[in-house]
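Participant: Predicted coordinates and the sequence they were generated for:
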Amino acid sequence: MTIKKIIYWIATLGVCGIFLFSAAMYFTEYDMVKGFFEMLNHPSYLVYPLATLKIIGVSMILWRKSNWLTEWAYAGFFFNAVLASAAHYNAGHDIGLSYVVIPLILISYFLGKTVRQEFKKISDVSENKYE
């Protein structure tokens, strides 16, 4: 396994873990998350749809059957992280996790393009070998 693949999978699993943990918190600790949303002047009715979309986004990033959906999942995660960071910064909260999440998203996205293309080439060659 090359160093690119290792870095890609560490970043991807980090992104997926962070967003799955976030979604789990949204579902299991609804009252606490609702309080945070209201404190940041966000509508609380977004908690469950956002949690659901985070789970769908993680599955699209790991599954990667549709390039279009994968691109949208990465875009959604990036904008979620940037806008959440801005909201917390404006509220005077610590945004330390943003310095980890946003680079992980970018590393996973850009390395994923090369690593997955290499994997696709290898699988295409192995499929043609047996025809």
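Facilitator: On my side now, so go ahead.

Participant: and I7, how many neighbours?
Facilitator: 14 (other Cβ atoms under 10 Å). Any C-beta I mention is one placed from the backbone N, CA and C, and that applies to glycine too.

Participant: tell me which element it falls in.
Facilitator: helix 3-28 (DSSP states H and E).

Participant: Tell me the buried residues in the helix or strand that that helix is followed by?
Facilitator: Next in sequence after helix 3-28, counting helices and strands by DSSP H and E, comes helix 30-39. Across helix 30-39, burial judged by 16 or more other Cβ atoms under 10 Å covers 33-34, 36-37.

Participant: which helices and strands sit right next to the helix holding I7?
Facilitator: helix 30-39, helix 47-63, helix 98-129 (3 or more Cβ pairs under 8 Å, 6 or more residues apart in numbering; DSSP states H and E).

Participant: hey, least reliable of those helices by pLDDT?
Facilitator: Of all the helices and strands packed on helix 3-28, helix 98-129 carries the lowest average pLDDT, namely a mean of 80.
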